[in-house]
Structure formats: C-alpha cells, structure tokens
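Chemist: Sequence below, structure please.
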Amino acid sequence: MQSEKIDRGANFVNYIIKRCAQDAEASAAMRRALNPSLECRAWNILIDFGVDLEKPWERSVFTLIGAAVAQSKITANGTVPLTQALAQAYQTNIKPAESRLRRLLACSEIQECCLVLRPIFKLIQSKTNISIDYAKLLNELLRFSFNAEDIKVHWAMNFYRKEKKS
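Modeler: Reported below is the predicted structural model:
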C-alpha cells in the first residue's frame, strides 16, 4: 500500500485561507506581510503553522505565499501556475511579461526570488481574476535552493506554453 505524500504547500494554503476567514486580525496581518517592514506582524501565524522563523529562507517563502493568499481573498487554492497567470496578464503585449519572467529566472537565491515575486503577485491580481496555484508555488520555492534550474525551466515552459495557446 502506497503511503500518501504530505503536501506542505497545500496544507499551508488551506491553513491561511481558513485562518483568514475566521480571524479578521490575522487576515489583516497576513495581507500587510507583503510589505517586508510589516512581515513580523504575521510571524505568530507562521509559528502556529510550524514555520521555523530562524531560517530566513523558510520564513520569507511562507510569509510571501501567506500574504499573497490573504491579499487574493481566495476561498480555495487556485489551479493556474504562476508564470501562466503572468502571461495571461499581458495577453495583448507579451513583452512586459517576458521581462518580468526573465528577472524571475535570473534569481539565484530564494530571498531574491521572493522580492521579485512580490510585485508580480500585485500585477496579476490587478490585471486578471486568475487564481494562482499557491500550494504548488510554495512547494517549488521550498525546493528552489536545492533544485533551482529545474524549477526555472518549469516556470519558463509554463509561461511560453500558455503564450502559444493565446
């Protein structure tokens, strides 16, 4: 019998959705956490989930995804990969999206990646009503330090695959 794989990304996204729905103060703290100077206000929420705040790469990834989920006000995790959503945000002129993708693919560290993703989330939310697959993105970001090239290739393939369909 095959054991079921624990999906930390899906568990966290579901936790944030549920916590934000039940607690307006937690929701506000998570939404504000997209601003690096205010992210410490959401640390108690991360600690409740079991995030090790002493690991800056883990803290920054969970803060970023938690803040994006809270700001999007979703009721369930989305299904669209991040880079497909980015391509769809610029359906008529793909050049600005390609520029943002290239900047994301140039990242070499997870903290840099998180800084680049912050404005991308805001852009996608302002230009589309697409629901991003935050759980998958969280899992990718958690593996980024160990498998960055494969993750970047996957992001590029999703971006350009969507562009061809448009």
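Chemist: Spatially nearest residue to the residue nearest to the spatial centre of the chain, not counting backbone neighbours?
Modeler: Centroid-nearest residue in the chain, with C-alpha atoms, centre = their mean: residue 65, separated by 4.2 Å. Closest residue to residue 65 apart from its sequence neighbours, by C-beta to C-beta, 6 or more residues apart in numbering: residue 138 at 4.5 Å. Any C-beta I mention is one placed from the backbone N, CA and C, and that applies to glycine too.
Chemist: picking that back up, ok, now how distant is the residue nearest to the centre of the chain from residue 132?
Modeler: Between residue 65 and residue 132 the distance is 10 Å, computed by C-beta to C-beta, to the nearest Å.
Chemist: What of residue 114?
Modeler: Distance from residue 114 to residue 132, by C-beta to C-beta: 15 Å.
Chemist: So the two - more neighbours on which side?
Modeler: Each of residue 114 and residue 132 has its neighbours counted (other C-beta atoms under 10 Å); residue 132 has more, 27 against 21.
Chemist: Which residue ranges of the chain form helices?
Modeler: Per DSSP state H, the chain carries helices over the ranges 8-22, 24-32, 43-49, 56-72, 82-89, 95-105, 110-127, 134-165.
Chemist: and those as TSV, adding mean pLDDT?
Modeler: Output for those, formatted as TSV (pLDDT from 0 to 100):
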stretch	mean pLDDT
helix 8-22	96
helix 24-32	96
helix 43-49	97
helix 56-72	95
helix 82-89	93
helix 95-105	94
helix 110-127	94
helix 134-165	89
